[in-house]
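1. What follows is a predicted protein model with its sequence.
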Amino acid sequence: MSVRDHILYLEKLTVSFDGFKALNELTLYVEPGELRCIIGPNGAGKTTMMDVITGKTRPDSGTAWFGRKLDLLTMTEPEIAQAGIGRKFQKPTVFEHLTVFENLELALAGSRQFWRVFRAKLTAEERDRVSSVLDTIGLSDQRTEIARTLAHGQKQWLEIGMLLMQQPELLLVDEPVAGMTPQETERTAELLTSLAGEHSVVVVEHDMDFVRSIARRVTVLHEGSVLAEGTMDQVQADQKVVEVYLGS
Amino acid sequence: MLDRGRTSTSTLGVTDRGGAIVLGLVVVTTLALGLATLLLPASSALHPSPYILTLVGKYVCYATLALAVDLIWGYCGILSLGHGAFFSLGGYAMGMYLMRQIGTRGVYGDPILPDFMVFLNWKSLPWFWYGFDHFWFAAIMMAFVPGLLAFVFGWFAFRSRVTGVYLSIITQALSYALMLAFFRNDMGFGGNNGFTDFKDLLGVALQSDGARVALLIASAVLLVASYAVCRTVVLSRAGRVLQAIRDAESRTRFLGYKVESYKLWIFVLSAVIAGLAGALYVPQVGIINPGEFAPINSIEVVIWVAVGGRGTLYGAVAGAVLVNYAKTYFTGALPEVWLYALGALFVGVTVFLPRGIVGLFTKKASA
């Protein structure tokens, strides 16, 4: 690999469930500020890969490093989140009974200890930070609404906003446009593109048009390992990829 | 504008009208009964009977227990079906103090050993009874023992990520196991008879009007103080984290919160409140025995909260008082009907009033 520093190093990761290899010696690197799309058929290991990065699943073998200092395999989920990896779930997951503002407030970077959080008061600076994220995700007008009442697409954006509040270096986004209207999809594409650069963004997605509209670099997973990597045009021209995925 | 957003979050407003009404009624009733008892001559028709005083005192202790359950169930989604255990442990701690106050006035007249120990032919006081002759020590134990059990239990359960119905079942098992343990004579807690025949508390005879009024007032003070503590917690940012855990536990975890420690602290707080309520309950009803650990008791508490209105705090208080009033009435007038009525009430509320009785009055606020 290149001499440049990567933000995420996954090397020879293997995860098996009852003999089925969800990840098979997966090796993948992500560069700082990059917007990377991961595609692949069902069962290719996309979600398992995210589970390993965020500490939800422990691999049987292999290594996972966040930058050069943090060994993700020794860290718990909250520690990984605190270290700067934010994850968006496939299904929009927001705090339904809290307002949009409060959802973002809880995601504010800062201490997570019970006593500190209990005594926490919202500072003007934090309020500005929430407001700026509200602008980014286009929900400023909904700030006092209960999250339950938001449209599907708005919930997805709110969840992305919650990740942004944590000021993560790396954002993992699982199928952001599933179930979205074309307008919402377009808006999401703009949002994710605008985030790259300041953050590294890894998007898992099935929607090929969407991937083409945002991706600079695409990684194709198949049966738990990397099948091809390159620009959308390169991977689409790749004979192996055509066989297992795009061609079918 | 932001503050307005805050208030619309929960059914509790920043101006807590529901809480003011419900707690106001409790306080007014307490004061009225207290003043009437102390000022009116015993011959007056308006002089409250000891029965009424202890009955209301009992309701107030139950209301505090319901509040403790609503704190964890309504705000953090932890459905405990074993909170009666913490209530009973607080009660036993108080009972141990009261037993030691009996002294030579017991049937066997032993200055140190409670009657049941003399009866079992024990020669000396077991180590865990030491210190209970001092009220301050017993008072610490009323909070410490339930809190410690909740801490140990919660530490294992929440760290292993036991949630939902599985957690409910093991809380139930916890209470049941304690009941069986306390039934045994060699546990040193009076076996199936438990403790009774109490004489006095802090030197005041429990049968006196003064003691009854003081206990009723103490119960009301505990309820109001617990309410204030719970409300402070749920309105803080940590309270919003609790609601976040209730709504989407793994999201909260991926935001970097240690879900298990939030659950643990709130569970311990809830157990301490339940234990203190149990401690004030025992001298008013005059007995504590292992039957208090029976799983049905803990389930009834959940019904009070559901009937009153989960996740509002004051709804739990209202539910506890109303359901227990109905219980007093039914078990007197139509004893065989009570359990059916309770079941019907629970089903009816679940189906027709998912937000409980207080939901009837606050419908507009959250629509």
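-> Thanks, I have it.
2. Now tell me what touches stretch B:212-225 from outside.
-> Contacts of stretch B:212-225 with the rest of the structure, by C-beta atoms under 8 Å, 6 or more residues apart in numbering or on different chains, involve B:23, B:26-27, B:30, B:33-34, B:37-38, B:50, B:53-54, B:56-57, B:60-61, B:63-64, B:67, B:201, B:204, B:206, B:276-277, B:280-281, B:283-284, B:317. Where C-beta positions appear, they are placed from N, C-alpha and C, glycine not excepted.
3. List the buried residues of that stretch.
-> B:212, B:213, B:214, B:215, B:216, B:217, B:218, B:219, B:220, B:222, B:223, B:224 (16 or more other C-beta atoms under 10 Å in any protein chain shown).
4. Tell me which of the contacts of stretch B:212-225 fall in helices.
-> B:23, B:26-27, B:30, B:33-34, B:37-38, B:50, B:53-54, B:56-57, B:60-61, B:63-64, B:67, B:276-277, B:280-281, B:283-284, B:317 (DSSP state H).
5. wait, isn't residue A:100 in contact with residue A:141?
-> No: look at residue A:100 against residue A:141 with C-beta atoms under 8 Å: they stay out of range, at 9.5 Å.
6. Filter the buried residues of stretch B:212-225 down to the ones in strands?
-> Among these, none falls in strands (DSSP state E).
7. Name the SS class of the residue of chain A found nearest chain B, please.
-> When scored by C-beta to the nearest C-beta, chain A has residue A:144 as its residue closest to chain B, at 3.4 Å. Three-state call for residue A:144 (DSSP: H, G, I helix; E, B strand; the rest coil): coil.
8. Using the three-state scheme, assign residue A:9.
-> Assignment for residue A:9 (three-state DSSP): strand.
9. my guess is it contacts residue A:29, does it?
-> Yes: at 5.8 Å, residue A:9 counts as touching residue A:29 under the criterion of C-beta under 8 Å.
10. Quick check: closest non-adjacent residue to whichever residue of the stretch 251-367 of chain B sits closest to chain A.
-> Proximity to chain A, evaluated over the stretch 251-367 of chain B using C-beta to the nearest C-beta, is greatest for residue B:256 at 3.9 Å. In this structure, residue B:256 finds its nearest non-sequential neighbour in residue A:81, 3.9 Å apart by C-beta to C-beta, 6 or more residues apart in numbering or on different chains.
11. and if you look at residue B:82?
-> residue B:171 (3.3 Å).
12. same question, residue A:207
-> In space, residue A:207 is closest to residue A:177, 5.5 Å off (C-beta to C-beta, 6+ apart).
13. Then residue A:109?
-> residue A:167 (5.0 Å).
14. re earlier: any of the ones in helices among the contacts of stretch B:212-225 buried? List them.
-> B:23, B:26-27, B:30, B:33-34, B:37, B:53-54, B:56-57, B:60-61, B:63-64, B:67, B:276-277, B:280-281, B:283-284, B:317.
15. What's the local residue count around the residue of the stretch 101-250 of chain B found nearest chain A?
-> Going by C-beta to the nearest C-beta, chain A is nearest to residue B:238 of the stretch 101-250 of chain B, at 3.9 Å. Residues lying near residue B:238 (other C-beta atoms under 10 Å in any protein chain shown) number 23.
16. That one falls within a helix, correct?
-> Yes: counting by three-state DSSP, residue B:238 is located in a helix.
17. can I assume it is in contact with residue A:112?
-> No: contact criterion C-beta under 8 Å: residue B:238 and residue A:112 do not qualify, at 10.1 Å.
18. was I right about the residue of chain A closest to chain B contacting residue A:101?
-> Yes: using C-beta under 8 Å, residue A:144 makes contact with residue A:101 at a distance of 6.4 Å.
19. so what's the spatially most central residue of chain A up against?
-> Central residue of chain A (C-alpha atoms, centre = their mean): residue A:172, 1.3 Å from the mean position. Contact analysis of residue A:172 by C-beta under 8 Å, 6+ apart lists A:50, A:53, A:54, A:85, A:86, A:87, A:88, A:202, A:204.
20. Can you tell me which of these is nearest residue B:293?
-> residue A:54 (41.5 Å; C-beta to C-beta).
21. Neighbours of the closest residue to the closest one other than its chain neighbours, how many?
-> Of all residues not flanking residue A:54 in the chain, residue A:87 sits nearest, at 4.9 Å (C-beta to C-beta, 6+ apart). If you count neighbours by other C-beta under 10 Å, residue A:87 ends up with 27.
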